[in-house]
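K.L.:
Sequence first, predicted model second:
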Amino acid sequence: MKFDARTPGALHGSAASQNMGSGRQPILQKTLKTSIGCAGIGLHSGVRVSMKLYPAEPDTGIVFRRVDLVGGGAEIRATWANVTDSRMCTVLADQNGISVATVEHLMSAFCGLEIDNAIVEINGPEVPAMDGSAAPFAFLIECAGAVEQDAVRKALRITKSFSHATGDKMVALGSWAGGLRVDFTIDFRAAAIGRQSCSFMVERDVFKAEIARARTFGLLSDVTALREAGLARGGNLDNAIVVDGNRILNEEGLRHAHEFVHHKALDAIGDLYLSGHPIIGHFVGRCSSHADTATLMRKVLADPTGWELIDLYEDDTSLAAWAERDAMVAFG
């Protein structure tokens, strides 16, 4: 789907009245039709947690609520302003330091299945790992169902190029027409991983079929150091791919040939959704991490001349000139 775009200030009244006046179909915000939950072990904390997803009002965004603490109502908005750690996962925290970790797989599922507003109640410090991918969360969302709301969906449209590089790592975000394009490349010494690349538009069907099922992975040689650092305490062969040189230790092997690079792309999609809106732009990641994406997005959001918040309308024939004018490959 390509998007038409108008600045929010040009619109008045409800989404329904806008549609009647303009003759174009607005893309509406979505939330869950009903609540749904799951339970599992945190990948890094090793703590067993229960999590429940609830519908939310328009313009709420994604909000995490820690219900295991005194008072039971600490709320943490899923935005870049609340990211406090991005070493091996993305951690959100409120002004009192109450946090929730490893939000990226769930955020990726919300993005891929086009959920704008939801409350995530959790009784522990970390989103459950489930099988190490976004597929279980996508399944929960589809079981709960989605409902359109009387508010136009907004997107963050990138209008100029941003980049950040550290050594061999690079991330970049530039303009693109009609949605979010992701290009990702990884290059590991471990022969079982090696060098892989992928390029795709983030659309619901592509996300479900090719991206959501890709599991997190790690090197056997790094396990001891990670656990000494307080990480990967809940990691096992049921929720991660473990690689030792040219061997994959999981008995079932890989789900598909590009599972490694697709998981890195999955992480990036979830992190990008912390902008609070879908992004219209071209993201490139080369051997990059959560921390690199965090640095890039802070640079983007600090420069309002490089993006605009727009309302989304479904594609029609009048978009040809707009798409031709603005479509460009942000980075070669």
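P.N.:
Yep, it's here.

K.L.:
tell me the SS of the residue positioned nearest the centre of the chain?
P.N.:
Using Cα atoms, centre = their mean, the residue of the chain that lies closest to the mean C-alpha position is G270, 1.3 Å off. What DSSP: H, G, I helix; E, B strand; the rest coil gives for G270 is helix.

K.L.:
hang on, isn't it packed against C89?
P.N.:
No: between G270 and C89 there is no contact under Cβ atoms under 8 Å: 10.1 Å. (C-beta placed from N, C-alpha, C; glycine too.)

K.L.:
residues shared between the contacts of those two?
P.N.:
103-104 (Cβ atoms under 8 Å, 6 or more residues apart in numbering).

K.L.:
What distance do you get for the residue nearest to the centre of the chain to I62?
P.N.:
Using Cβ to Cβ, to the nearest Å, G270 is found at 10 Å from I62.

K.L.:
Need the overlap of contacts for the two.
P.N.:
The contact sets of G270 and I62 overlap at M107 (Cβ under 8 Å, 6+ apart).

K.L.:
any low-confidence regions in the stretch 51-200 of the chain?
P.N.:
71-72 (pLDDT under 70).

K.L.:
Strands of that one, residue ranges please.
P.N.:
In the stretch 51-200 of the chain, strands defined by DSSP state E, counting those that start in this stretch lie at 62-66, 74-77, 83-85, 91-93, 99-101, 118-122, 146-152, 154-158, 162-166, 169-174, 180-187, 195-201, listed in chain order.

K.L.:
The third one - contacts with which helices or strands?
P.N.:
It stands for strand 83-85. strand 91-93, strand 99-101 (3 or more Cβ pairs under 8 Å, 6 or more residues apart in numbering; DSSP states H and E).

K.L.:
The fourth one too?
P.N.:
Taking 3+ Cβ pairs under 8 Å, 6+ apart as contact, the helices and strands that strand 91-93 lies on are strand 74-77, strand 83-85, strand 99-101.

K.L.:
what pairs with that strand, and is each one parallel or antiparallel?
P.N.:
Neighbouring strands of strand 91-93 in its sheet, by DSSP bridges, are strand 83-85 (antiparallel), strand 99-101 (antiparallel).

K.L.:
chain center to it: distance?
P.N.:
14 Å (Cα atoms, centre = their mean, to the nearest Å).

K.L.:
ditto for stretch 244-257
P.N.:
For stretch 244-257, the distance to the chain centre is 25 Å (Cα atoms, centre = their mean).

K.L.:
How about stretch 203-217?
P.N.:
Centre-to-centre, stretch 203-217 and its host chain are 11 Å apart (Cα atoms, centre = their mean).

K.L.:
ok so, going back, would you mind finding the most buried of the helices and strands packed on strand 91-93?
P.N.:
Highest mean neighbour count of those: strand 99-101, a mean of 23 (counted as mean count of other Cβ atoms under 10 Å).

K.L.:
before we move on, back to that, could the helices and strands packed on strand 83-85 go into JSON lines alongside distance to H263?
P.N.:
Formatted as JSON lines, those follow (distance: least, Cβ to Cβ, whole Å):
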{"stretch": "strand 91-93", "distance to H263": "19"}
{"stretch": "strand 99-101", "distance to H263": "17"}
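
K.L.:
Which one of those lies nearest to D168?
P.N.:
Ranking these by their distance to D168 (criterion: Cβ to Cβ) puts strand 91-93 first, at 24.8 Å.

K.L.:
can you list contacts of that closest one?
P.N.:
In contact with strand 91-93 (Cβ under 8 Å, 6+ apart) are residues 64, 76-78, 82-85, 99-103.

K.L.:
Nearest to H263 among the residues you listed?
P.N.:
For the contacts of strand 91-93, the nearest to H263 is T102 (13.2 Å; Cβ to Cβ).

K.L.:
Tell me, how many residues neighbour the residue nearest to that closest one when sequence neighbours are not counted?
P.N.:
The shortest distance from T102 to any non-neighbouring residue, by Cβ to Cβ, 6 or more residues apart in numbering, is to C89 (4.2 Å). Neighbour count for C89, taken as other Cβ atoms under 10 Å: 23.
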